[in-house]
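S.K.: coordinates only, sequence not included:
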């Protein structure tokens, strides 16, 4: 009666749980973008994915360039702190390498869609900021109503329930209880909204480490389908306390991917050219690793008390 | 241009921030019920309070007996693990010592009312469990609607925005950043929903301790009006890691307060008879303190990283 | 291997064992204090090792170091796998339909499994004011199924509850569906037997009577003309192992299992 | 004590100083990277020590150990006072109306303070696809007031934006109110001057021109017939102390303030 283990290599987890055509939600907000898992989807040539993420970041840009994506749902499609996403632009403006459809919202609306999905309600109302925007003309699924309590105008935001949530976090135990610190973004909400959840972590730790600090758990193990250890799994984004954001990489990417050829070369080098994240990290090299490692800055332990 | 200090003795905080007639929300869910602050309201003879708390617990029961309360909003009015609340029952069934009005919901609806209040929206929809209950006949402010997305029946839950939130937590810094671990209940939501917030804590700690673990902060200092150190401020409930729940006290209370006279005697002994929480703890005595103290069970520190 | 049935057991112990049998492995259970908790732990230690215990207070997959005496007991927080706040617990876990089984009790239970834990008598002028719904109404509506546990007494098992706190099947077979509710009570475990609900009428009927209790006694202690299953039979007694587990491991202090 | 004005300063430094002056002590500011961040930190180190800085990523009252290069920079999490998740940040902080000031920029800004950061050209067939709203539309609607910061260029300051990403005063004075929106932009800080909005018409007008910039130049670089305040005057230059603070303490590496 033992449960099947949730510890699964990235390759197998992606093979088993990500299907062509899935609505895939990626976690992370600047922090903890699941590059290791996303790259594996590219290598496995997943197709016709519908991808949702507030900030698609370089990851979704690469998946678009690699032809994995047919539809994106987002609120800010840029290279944070640098500029635009070139593959995303080419796909939207010129249909290169293939046209994608897109569906954009505001940050708040994306967060609210996830929240409603996680909460198991069909919609939640929010204050009517977007009603003053041209966005609403293009989003028929955003309805408005006059509040039955205040008669103020409200915008109704429909739930989103992705097929799968793909997340990177600091640590988990083998039951799949996921712990995170630093900036969460919508990780908790996309996980609870989604039907399946796969999570890469910097470290698989003893159950005791997790259970000695239950308030750090953002996703309960019972709702996690697969978890795997992928050190540096969020590079070039970062994992709080493990390594820094590789801002230089984001800048170089901006330069390198301005042409289709440049983008191809990038994918060949950093995605197709490595078999897995371990090879990617080797390619990154010791010097880069040393540069991005961070000095420790620890929290103090807190006492939960032994109530035995 | 220094801000007025938020560190304020309990007596002054209650005097300054709690007004007769206020809608007062009390924090805590079995864990961290703010007895020190509530008792001070009794001693200061606050009147006509409208009190909201999912589980009124002994605290609201005592405030009713002391004549502070004219209206209660709740979802479960019992003595947890023991039985009924006698002062609450006497007030509802017989108008003794004075009649109170009450307004009851379910746990989920209370949580949703706080959430909507904290979110600054007039209502949120929830699945229609309560529509099958007789409760809804007595709560005209719960409306129903057919969902414009799914046409399923939904229950609309109006926001609640109390005048003041009264909370007990483990620790805070002098800026009023409040940190908590263990069971949160609705503490975060009642604080953000309320206009004013006062919080007693087991310890005021250095800013560094708080800032080395920002994910533990449940209420940001900018929204806290007063904070005070009140060790044992939640007894006979508990503070995770600091002391155990005094289950015996809850059982004795049940016996002691079955009559009006018994209740009077209880208040004279434990509330009017002590000047402040310090005197209360002295009265509790060393033996009880030793009994309720807990052996340490620490979390492991986590590394946030020094990004300097 | 033949089961060795216990000869020495109490009615409470039997109720725990019977309730435990209602649980299947890997289910996610919204646990209440007392018999539901003992039943869940017993199931977890026997046929359902991968049960997930969630308490209303938001603690997820707790492994308490001692017997918790309330749903917010600190021993449920120390060493648990995760803690959600109140709105998350009800939204992300219950309303999101992650909860397979909820346990409920009540001061009155009627033949359609509706539960009253609010008032005896009139709502505005109650004879007895009870604690109210708590999460009961929410669980009754949103858990995939509900197991009701209660002492079998005539004043408790009434034809019609004074107040519907937590909806069972309400007053006719389609009533839940009309309100958009799924689930509903699947079993009622009492001190005298186990009752279930007729698929067509949603009326409660007697499915099992406990050893030493007669069907007649059960009918006498039920406030309406209780229907009896044509295949009604005696409740399977607890095994020796189950009783030993309860007495020696699960509630050795006898907090809930008085002897 | 007479202020000592700096003689040596750049336009960017001036913009930072001018934006900082818009902030009052104890305000809660939704900070963006770049000039808004520098302005907020400068205000905090001079006349507004109790400003609270909140980043869209949910970090509250951050005291970054280095200059953050994105709103989700890890230095904003380490050592900050609190971190909220995304839905909490937008619900509990922004929609709950705790945010006094938000900063916004944009590819196009029109005379009613509407901002476009979505597309140049047609939405379905864009000439340039820009990143989109992010939190911009939300901040424009829900912050108590908004400060717009942008380079003063004719292609940016247009009579009508191609796409309203973030609503300013829309197209007439009562438009916001009709939609239930309060707040709105209070100032536009550019590389040439400071513009504000007429109370009656909600149209942008020139309030201040930066030293060395003529009103004529500003009109030439604005895409409509910009109205000039009757009391228009030159922008007060930065003080020596302000410039020193910026160069030596706030952005010593010159990440944002190129010289």
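M.R.: Received it, and whenever you're ready, just let me know what you need. A quick note: this is a predicted structure, and the numbers were derived from the prediction, not measured.

S.K.: Could you pick out the residues of the stretch 151-259 of chain C near chain B for me?
M.R.: C:163-167, C:170, C:175-176, C:179-181 (C-beta under 8 Å from any C-beta of the partner chain). In short, each C-beta sits where N, CA and C put it, glycine included.

S.K.: Widest-spaced pair of the residues you listed?
M.R.: The largest separation in these, counting by C-beta to C-beta, is between C:163 and C:180 at 21.6 Å.

S.K.: Looking at the two, which has the bigger crowd around it?
M.R.: A count of neighbours by other C-beta atoms under 10 Å in any protein chain shown puts residue C:163 above the other of residue C:163 and residue C:180, at 24 against 21.

S.K.: Was I right to think that one contacts residue C:116?
M.R.: Yes: here residue C:163 reaches residue C:116: they are 4.9 Å apart, a contact under C-beta atoms under 8 Å.

S.K.: Just confirm yes or no for stretch A:138-149 near chain B.
M.R.: Yes: applying C-beta under 8 Å from any C-beta, one finds stretch A:138-149 touching chain B at A:141, A:143, A:145, A:147-149.

S.K.: does the residue lying closest to residue A:224 once chain neighbours are set aside count as helix, strand or coil?
M.R.: Counting by C-beta to C-beta, 6 or more residues apart in numbering or on different chains, residue A:176 is the residue found nearest to residue A:224 once chain neighbours are left out, at 3.3 Å. Under DSSP: H, G, I helix; E, B strand; the rest coil, residue A:176 falls in the coil class.

S.K.: residues contacting residue A:176?
M.R.: Residue A:176 is in contact with A:6, A:199, A:219, A:221-222, A:224-227, counting by C-beta atoms under 8 Å, 6 or more residues apart in numbering or on different chains.

S.K.: try it again with 7 Å
M.R.: By C-beta atoms under 7 Å, 6 or more residues apart in numbering or on different chains, the contact set of residue A:176 is A:6, A:221, A:224, A:227.

S.K.: try residue A:22
M.R.: With contacts defined as C-beta under 7 Å, 6+ apart, residue A:22 is in contact with A:49, A:163-164.

S.K.: Compare those residues and tell me which has the most neighbours.
M.R.: Using other C-beta under 10 Å as the neighbour criterion, residue A:49 leads those with 24 neighbours.

S.K.: now the residues of stretch A:138-149 next to chain B: which count as buried?
M.R.: By neighbour count, with 16 or more other C-beta atoms under 10 Å in any protein chain shown, the residues of stretch A:138-149 next to chain B hold A:143, A:147, A:149 as buried.

S.K.: Please list which of those are also close to chain D.
M.R.: Of the residues in those, proximity to chain D by C-beta under 7 Å from any C-beta of the partner chain holds for none.

S.K.: Which of these fall within strands?
M.R.: Among those, the members found in strands (DSSP state E) are residue A:143.

S.K.: hmm, back to that, quick one: the residues of stretch A:138-149 next to chain B as CSV, columns for pLDDT and distance to residue A:183 too.
M.R.: Converted to CSV, those look like this (pLDDT from 0 to 100; distance: C-beta to C-beta, whole Å):
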residue, pLDDT, distance to residue A:183
A:141, 95, 28
A:143, 95, 31
A:145, 93, 33
A:147, 94, 32
A:148, 96, 36
A:149, 96, 34
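
S.K.: which residues are contacting stretch A:206-222?
M.R.: For stretch A:206-222, the surrounding residues in contact (C-beta under 7 Å, 6+ apart) are A:173, A:175-181, A:184, A:187-188, A:191, A:197, A:304, B:181, B:297-300, C:28, C:52, C:60-61, C:77, C:79-83.

S.K.: Out of the buried ones among the residues of stretch A:138-149 next to chain B, flag the one nearest to chain D.
M.R.: In terms of C-beta to the nearest C-beta, no member of those lies closer to chain D than residue A:147, at 9.2 Å.

S.K.: Run through the residues that contact residue C:96.
M.R.: Counting by C-beta under 7 Å, 6+ apart, residue C:96 touches A:118-120, A:192.

S.K.: hang on, residue C:102 in a helix?
M.R.: No: counting by three-state DSSP, residue C:102 falls outside a helix, being strand.

S.K.: pretty sure it is in contact with residue C:143, am I right?
M.R.: Yes: contact criterion C-beta atoms under 7 Å: residue C:102 and residue C:143 qualify, at 3.5 Å.

S.K.: Reformat the residues of the stretch 151-259 of chain C next to chain B as JSON lines; add secondary structure.
M.R.: Below are these laid out as JSON lines (three-state DSSP):
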{"residue": "C:163", "secondary structure": "coil"}
{"residue": "C:164", "secondary structure": "coil"}
{"residue": "C:165", "secondary structure": "coil"}
{"residue": "C:166", "secondary structure": "strand"}
{"residue": "C:167", "secondary structure": "coil"}
{"residue": "C:170", "secondary structure": "coil"}
{"residue": "C:175", "secondary structure": "helix"}
{"residue": "C:176", "secondary structure": "helix"}
{"residue": "C:179", "secondary structure": "coil"}
{"residue": "C:180", "secondary structure": "coil"}
{"residue": "C:181", "secondary structure": "coil"}
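
S.K.: Of the residues you listed - the most surrounded one?
M.R.: Among those, the one with the most neighbours (other C-beta under 10 Å) is residue C:166, at 34 neighbours.

S.K.: Local confidence estimate at residue 195?
M.R.: Went with chain A since none was named. Listed pLDDT for residue A:195 reads 98.

S.K.: actually chain C
M.R.: pLDDT for residue C:195: 98.

S.K.: Wasn't it part of a strand?
M.R.: Yes: under three-state DSSP, residue C:195 falls within a strand.

S.K.: quick one, what contacts the spatially closest residue to it that is not a sequence neighbour?
M.R.: Leaving aside its chain neighbours, residue C:195 sits nearest to residue C:188 (4.1 Å; criterion: C-beta to C-beta, 6+ apart). By C-beta under 7 Å, 6+ apart, the contact list for residue C:188 reads C:109, C:113, C:148, C:194-195, C:204.

S.K.: Dig out what residue C:188 forms beta bridges with.
M.R.: residue C:148, residue C:195 (DSSP bridges).

S.K.: Next one: it relative to residue C:57, how far apart?
M.R.: 25 Å (C-beta to C-beta, to the nearest Å).

S.K.: what does residue A:63 give?
M.R.: Applying C-beta to C-beta to residue A:63 and residue C:57 gives a distance of 41 Å.

S.K.: Could you dump the residues of stretch A:138-149 next to chain B into TSV with distance to residue B:153 added?
M.R.: Listed next are the residues of stretch A:138-149 next to chain B as TSV, based on distance: C-beta to C-beta, whole Å:
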residue	distance to residue B:153
A:141	20
A:143	17
A:145	16
A:147	19
A:148	15
A:149	18
